[in-house]
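Peer 1: no sequence on hand, only this structure:
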């Protein structure tokens, strides 16, 4: 008679084998990620199986996925109509990539300006909310009840009390302290409609149809349907009290007007409909913002686990492929997939002056170490690497040839590339790209350049650690 312990071990072994086969056979996963999970499953069989079941796949139930697609498709007819873009040959393929990801054409006639700093950005946003007459749509990953966070809470309360329809989204984990606080209740009491985004009991995501750690990382503000904000900034002070030891957090937020605001509103609306069930098609049925005669081309795109695999990577790669002279990148979290690191290296090798600015101190030590493990690859290709010392540089930007730029919420790590819901705007404007480059230059002025020769030549021990880190990068 087979003993109970033997039966249990057979069950565990069968489960382990099934998970290993699943990790190998899963379609749409790049070979590096497949190898990383396989290595973990072999090295740590029991723990590896638990981790894989929790975090191994960006799974979303078919029902939730279908509802998300239906909500998005229902809103597509309300995107601004195609218009002549003029001479867009410079970045045509980049815009086509964003159009394929979003399902709508790039918009013309947009205007924009970059807030001087984080406090000024909140002041601009509050002023727009105070001037709102119809709607206020806000979505933040982290919203704190600090000075800046409370300014926005109070502005929302004022708007709601005077009859403006306020729809407010905060991530259930990133903003959990605010959601459990009196300011959240105050917005509801004032008449605002609130959504705690992607709620899921820890480790029990199957109860709500998605992985617990799939987060709404977006930063979206749309006022009256014609003004939108996009960038890296959460609704908080630069002191960022939840991680104050890394302060100040250095962010960027861009205020846009024009048809691109409708696109951002559609990204917000599709997520709102998915989570709340409210049909926003009547709200979107009004005429979109009119293009300005002297405006520029821009397109907003939302990505996430409902997108085809590799969508965010495709947009990064397409933006970098445009570069002929220069490309300056800022990102706090760098754990790229193979196509993205190849695109950066290829740009440098073809003679583009590529610079990447990372924060010197990173709040995520593992991802920070993974980012540094890529320094030798970047340095050998000719990329200039800088580390910013004036705080945690949290801005996610790419400026190309002082003409094309990408800003938004997406980092260059696996969470932004594969897991989180993100929003970004690509635009072609010499004036606004120059404003962005001015910000980047200020960050560079407070950064140290990593010696290229030192980064490229490593000891055997360092090379061993770095190679291990790049091997496990797909897990983070």
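Peer 2: Here it is on my side, so go on. Given the structure is predicted, the values throughout are model-derived calculations rather than measurements.
Peer 1: what helix or strand is the most centrally placed residue in the chain on?
Peer 2: Nearest residue to the geometric centre of the chain (CA atoms, centre = their mean): residue 410, 2.5 Å. Using DSSP states H and E, residue 410 maps to neither a helix nor a strand.
Peer 1: the lengthiest helix in the chain packs against which elements?
Peer 2: Among the elements of the chain assigned as helix by DSSP state H, the one spanning the most residues is helix 4-25. For helix 4-25, the packing partners by 3 or more CB pairs under 8 Å, 6 or more residues apart in numbering; DSSP states H and E come out as helix 31-43, helix 45-55. No exception for glycine: its C-beta is placed from N, CA and C like everyone else's.
Peer 1: mind listing what's buried in it?
Peer 2: When neighbours are counted by 16 or more other CB atoms under 10 Å, the buried residues of helix 4-25 are found to be 16, 19, 20, 23.
Peer 1: the residue nearest to the centre of the chain: what's it in contact with?
Peer 2: Residue 410 sits next to 217, 303, 312, 316, 396, 416, 417, 422, 424 when contact means CB atoms under 8 Å, 6 or more residues apart in numbering.
Peer 1: and the strands in the stretch 151-300 of the chain?
Peer 2: Under the criterion DSSP state E, counting those that start in this stretch, strands of the stretch 151-300 of the chain are mapped to 165-171, 193-197, 220-223, 227-231, 249-250, 253-257, 296-303.
Peer 1: and the fifth one, average pLDDT?
Peer 2: When pLDDT is averaged over strand 249-250, the result is 96.
Peer 1: give me the contacts around it.
Peer 2: Counting by CB under 8 Å, 6+ apart, residues outside strand 249-250 touching it are 118, 236, 238-240, 243, 388, 390-395, 443.
Peer 1: which of the residues you listed tops the neighbour count?
Peer 2: Highest neighbour count within the contacts of strand 249-250: residue 393, with 30 neighbours (other CB atoms under 10 Å).
Peer 1: surely it touches residue 357?
Peer 2: Yes - look at residue 393 against residue 357 with CB atoms under 8 Å: they come within range, at 6.3 Å.
Peer 1: list residues touching both of these two?
Peer 2: Where contact means CB under 8 Å, 6+ apart, the residues bridging residue 393 and residue 357 through contact with each are 330, 443.
Peer 1: my read: residue 258 touches residue 297, true?
Peer 2: No - counting by CB under 8 Å, residue 297 is not a contact partner of residue 258; they are 10.1 Å apart.
Peer 1: quick revisit: wait, which of the buried residues of helix 4-25 is closest to residue 337?
Peer 2: Distance from residue 337 was checked for each of those by CB to CB. The minimum falls on residue 23, at 16.7 Å.
Peer 1: burial of the closest residue in space to that closest one that isn't next to it in sequence, as a residue count?
Peer 2: In this structure, residue 23 finds its nearest non-sequential neighbour in residue 37, 4.6 Å apart by CB to CB, 6 or more residues apart in numbering. Neighbour count for residue 37, taken as other CB under 10 Å: 26.
Peer 1: ok, now how distant is residue 37 from residue 57?
Peer 2: Between residue 37 and residue 57 the computed distance is 9 Å (CB to CB, to the nearest Å).
Peer 1: tell me the domain boundaries of the protein?
Peer 2: Following automatic domain parsing, the chain resolves into domains at 25-57, 62-302, 311-475.
Peer 1: using CSV, please lay out those together with distance to residue 5.
Peer 2: Converted to CSV, the domains of the chain look like this (distance: least, CB to CB, whole Å):
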stretch, distance to residue 5
domain 25-57, 15
domain 62-302, 27
domain 311-475, 32
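Peer 1: can you say which of these is nearest to residue 9?
Peer 2: Across the domains of the chain, the minimum distance to residue 9, taken as CB to CB, is reached by domain 25-57, at 11.1 Å.
Peer 1: tell me which residues of that closest one come out buried.
Peer 2: Taking 16+ other CB under 10 Å as the basis for neighbour counts, the residues of domain 25-57 that come out buried are 29-30, 33, 35-37, 40-41, 45, 48-49, 51-52, 55-57.
Peer 1: check stretch 299-309 too.
Peer 2: Applying a neighbour-count criterion of 16+ other CB under 10 Å, the buried positions in stretch 299-309 are 299, 300, 301, 302, 303, 304, 305, 306, 307.
Peer 1: what do you get for stretch 434-442?
Peer 2: Residues of stretch 434-442 classed as buried by neighbour count (16+ other CB under 10 Å): 435, 436, 437, 439, 440.
Peer 1: could you do stretch 278-286 as well?
Peer 2: In terms of neighbour count (16+ other CB under 10 Å), stretch 278-286 has its buried residues at 280, 283, 284.
Peer 1: wait, what's in contact with the last one?
Peer 2: Neighbour list for residue 284: 75, 78, 262, 265, 266, 269 [criterion: CB under 8 Å, 6+ apart].
Peer 1: one more pass at 6 Å, please.
Peer 2: With CB atoms under 6 Å, 6 or more residues apart in numbering as the criterion, the residues that contact residue 284 are residue 78.
Peer 1: quick check: residue 195 vs residue 170, distance?
Peer 2: Relative to residue 170, residue 195 is positioned 8 Å away (criterion: CB to CB).
Peer 1: out of the two, which sits in the busier spot?
Peer 2: Of the pair residue 195 and residue 170, residue 170 is the one with more neighbours under other CB under 10 Å, namely 25 against 21.
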